[in-house]
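Trainee: This is the structure alone, sequence omitted:
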Ligand SMILES: Nc1ncnc2c1ncn2[C@@H]1O[C@H](COP(=O)(O)OP(=O)(O)OP(=O)(O)O)[C@@H](O)[C@H]1O
Ligand SMILES: O=P(O)(O)OC[C@H]1O[C@](O)(CO)[C@@H](O)[C@@H]1O
Ligand SMILES: [Mg+2]
């Protein structure tokens, strides 16, 4: 193998730059040419790429987002787009590709493997919904962002005896909401995996104010309802005004934590090593403290990554 390429696809997350850097530096160290593809599969179809050297990745490790940029590319969902992308890679002389992205991006990677390109995927999505890895890239930084925001919120909430409904990202996965609710000391976590009862939440709010508590935080995963909807449900039940905060894309940015810098460095270097060993059609993942490689088909046939049972039990035992 003489030439590899790297791209970032789907929603960006912190740690992508550290991962790109590790792919580039370990690729160059092994004597490979490394091509950077801009804007995910969009750049592959549009032939938007450049040759990378160590200078291309200098001063990027600590930056959030992805300097290669990312995109959601509709053409890649169609056979015609996949053909163009694979042919363009072959035209560039690329034999191996590293795709950094979420579950959808892994599906795109598989279509390129089916067209003769050696591909390794790296799970990167704040949603932590990808199976066969304990953690995806960007999750830890997103959790820290949420904690910072809710800590600030609690200062103002307790100054005014207020309840806040905080809306957390994650698509259909409740991981971020569940773990953040434990780390933030929230009163309730509403997640798609567990049904909720608005009557119980209202009763608890009443009880807390009778006890003289000066703030209440209810975290809701976007896959359950919007913060606005939950706020209205509470108002309907007990005529109680709550404020809302939608954390939104703030959660995806910021300088990556040490965990995400190290995870990205390990995932990036491990993926290049796997390509050099002739591996393809697999996603790297973290299992305990080890890297593991799982076939794309096994990932696609598995259900969404289940919630960590220990976290569910912990939240339950803490009365969240
Ligand atoms: N089934 C598929 N076949 C081919 N390409 C796909 C498929 N699903 C997704 N892709 C490609 O991957 C891109 C990113 O997918 P998606 O929008 O689902 O985000 P993701 O990678 O899951 O990341 P995140 O969920 O964190 O935003 C899509 O825009 C498309 O170009
Ligand atoms: O960036 P976009 O396209 O608005 O997508 C937002 C979605 O992407 C994610 O941030 C990552 O998949 C989800 O949590 C969220 O629902
Ligand atoms: Mg996804």
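Mentor: Yes, it's here. Keep in mind that this is a model prediction, so the values were computed, not measured. Ligands and ions are numbered 1, 2, ... in the order given.

Trainee: okay but residue 242 is in contact with residue 166, surely?
Mentor: No: Residue 242 is not in contact with residue 166 according to CB atoms under 8 Å; the separation is 10.4 Å. C-beta: built from backbone N, CA, C; applies to glycine.

Trainee: who touches both of these two?
Mentor: residue 218 (CB atoms under 8 Å, 6 or more residues apart in numbering).

Trainee: Neighbour count for these two, which is higher?
Mentor: Applying other CB atoms under 10 Å to residue 242 and residue 166 shows that residue 166 carries more neighbours, namely 25 against 19.

Trainee: What strand or helix carries the more buried one?
Mentor: For residue 166, the element it lies in under DSSP states H and E is strand 162-168.

Trainee: Which strands or helices does that strand pack on?
Mentor: Counting contacts by 3 or more CB pairs under 8 Å, 6 or more residues apart in numbering; DSSP states H and E, strand 162-168 is packed against helix 139-159, helix 175-184, strand 215-221, helix 227-238, strand 243-246.

Trainee: can you redo these as JSON lines with mean neighbour count, distance to residue 19 and mean pLDDT?
Mentor: Formatted as JSON lines, the helices and strands packed on strand 162-168 follow (neighbours: other CB atoms under 10 Å; distance: least, CB to CB, whole Å; pLDDT from 0 to 100):
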{"stretch": "helix 139-159", "mean neighbour count": "19", "distance to residue 19": "13", "mean pLDDT": "97"}
{"stretch": "helix 175-184", "mean neighbour count": "24", "distance to residue 19": "20", "mean pLDDT": "97"}
{"stretch": "strand 215-221", "mean neighbour count": "25", "distance to residue 19": "26", "mean pLDDT": "96"}
{"stretch": "helix 227-238", "mean neighbour count": "17", "distance to residue 19": "32", "mean pLDDT": "94"}
{"stretch": "strand 243-246", "mean neighbour count": "17", "distance to residue 19": "28", "mean pLDDT": "97"}
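
Trainee: do you know which of the ones you listed lies nearest ligand 1?
Mentor: helix 139-159 (10.3 Å; CB to the nearest ligand atom).

Trainee: Is ligand 2 within reach of that closest one?
Mentor: No: Helix 139-159 stays clear of ligand 2 (CB under 6 Å from any ligand atom), getting no nearer than 8.5 Å.

Trainee: Could you check how far that helix is from the centre of its chain?
Mentor: Distance, stretch centre to chain centre, for helix 139-159: 18 Å (CA atoms, centre = their mean, to the nearest Å).

Trainee: Please apply the same query to stretch 74-94.
Mentor: 25 Å.

Trainee: And it, what's buried?
Mentor: Counting neighbours by 16 or more other CB atoms under 10 Å, one finds that the buried residues in stretch 74-94 are 76, 81, 82, 84, 85, 86, 88, 89, 92, 94.
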